[in-house]
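A.B. asks: what's the 3D shape of this:
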Amino acid sequence: MQKSMFERFINKYNLGGSCESVVYSVEGDNISTRSISDDKNVLSEVTAPSMGIESGEFAVYETTRLKSLLGVLGDNLTPKVQRSSDKPTAMKFSDGSTDVTFVLADPSVIQNVPDLKKLPPFDMNIVLDDQFINKFIKAKGALSDVETFTIMSDAGSPTADVVLGFSSMNTNRIKLAATKTDPSTSLSAISFSAKYLREILVANKDAGTGNLEISSKGISRIVFSVDGITSTYYLVQIDTKD
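C.D. replies: Numbering: from 1, shown residues only. Down below sits the predicted model:
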């Protein structure tokens, strides 16, 4: 296992500490996890190559502690699952000279993640390229107290407006232009969490480009794929009041 690859997998669901407790599901050549933030404004699904971890389900209660333990190791690791009465109790990682052991939790203590079985149709698809990703991250840093971003676009325009600080009142704000895949689509102003979009973009800068789909019914989906890792995120609409 390459530690760097495993850390990329972790960062894509952990989102800067927003999603700490998850269950790793390893089946065949893939490892996957689904997580939801405490405020339920973001849900993530991440799948990556299994990296030598044996098949099974492993409950990780403190992702931040796992990341800290991995930090003392080199990049080439050998993972091993420790069991008691056939129940996984810990994951051991060794770089040849140093071993770390991370205690696993009981899956029953991990928050259930709802299944998104029926999604509404998406009205607009926006390209998240390097330029937009870097500008949005900087914009959120400049307006660190702003909680939401707002998307809107008229039919016929090749771009959508992505606004941090959107309000009918006179406010500090930043408006970014984002390329639409279909210029004929339109969307009335709809808002989502700026904090979570920033964390998603930071965690997926290695992908270079992704897609943001928005439904006027109040949900958006963000997808990135790179080096066998696929990350999918769902943001729930946030009502804003002036």
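A.B. asks: give the contact list for the nearest residue to R34 once chain neighbours are set aside.
C.D. replies: Spatial nearest neighbour of R34, chain neighbours left out: V113 (4.3 Å); criterion: Cβ to Cβ, 6 or more residues apart in numbering. Any C-beta I mention is one placed from the backbone N, CA and C, and that applies to glycine too. V113 makes contact with 34-36, 43, according to Cβ atoms under 8 Å, 6 or more residues apart in numbering.
A.B. asks: what's the distance between V113 and I53?
C.D. replies: Distance, V113 to I53, using Cβ to Cβ, to the nearest Å: 20 Å.
A.B. asks: D145 now?
C.D. replies: Taking Cβ to Cβ, one finds D145 at 40 Å from I53.
A.B. asks: Among the two, which residue is more densely surrounded?
C.D. replies: Counted by other Cβ atoms under 10 Å, D145 and I53 do not tie: I53 has more neighbours, with 18 against 6.
A.B. asks: N11 and S153, how far apart?
C.D. replies: 31 Å.
A.B. asks: Which of those two has more residues huddled nearby?
C.D. replies: Taking other Cβ under 10 Å, N11 and S153 do not tie; S153 has more neighbours (24 against 19).
A.B. asks: any idea of the pLDDT on that one?
C.D. replies: You'll see S153 listed with a pLDDT of 96.
A.B. asks: Tell me who's in contact with it.
C.D. replies: By Cβ under 8 Å, 6+ apart, S153 lies in contact with 124, 159-161, 180, 185-187.
A.B. asks: Just list whatever residues bridge to it.
C.D. replies: S153 has these beta-bridge partners by DSSP bridges: L187.
A.B. asks: Run through the protein and note the low-pLDDT ranges.
C.D. replies: Applying pLDDT under 70 to the chain picks out residues 241-242.
A.B. asks: quick one, which residue of this structure lies the farthest from its center?
C.D. replies: Relative to the centre of the chain, the most outlying C-alpha is that of S85, 34.4 Å out, by Cα atoms, centre = their mean.
A.B. asks: if I look at that residue, how far off is F102?
C.D. replies: As judged by Cβ to Cβ, S85 and F102 stand 19 Å apart.
A.B. asks: coming back round to it: kindly indicate the member of the contacts of V113 with the most neighbours.
C.D. replies: S35 (25 neighbours).
A.B. asks: Nearest residue to that residue in space, please, no chain neighbours.
C.D. replies: S35's closest residue in space is C19 (Cβ to Cβ, 6+ apart), at 3.8 Å.
A.B. asks: One more: T179?
C.D. replies: Counting by Cβ to Cβ, 6+ apart, the residue nearest T179 is V127, at 4.5 Å.
A.B. asks: residues contacting the one you found?
C.D. replies: V127 sits next to 178-181, 209, 211-212 when contact means Cβ under 8 Å, 6+ apart.
A.B. asks: Just flag the most distant two among those residues.
C.D. replies: Pairwise distances across these (Cβ to Cβ) peak at 14.3 Å, for the pair K180 and T209.
A.B. asks: So for these two, which sits in the more crowded spot?
C.D. replies: A direct count of neighbours by other Cβ under 10 Å for K180 and T209 places K180 higher, at 19 against 15.
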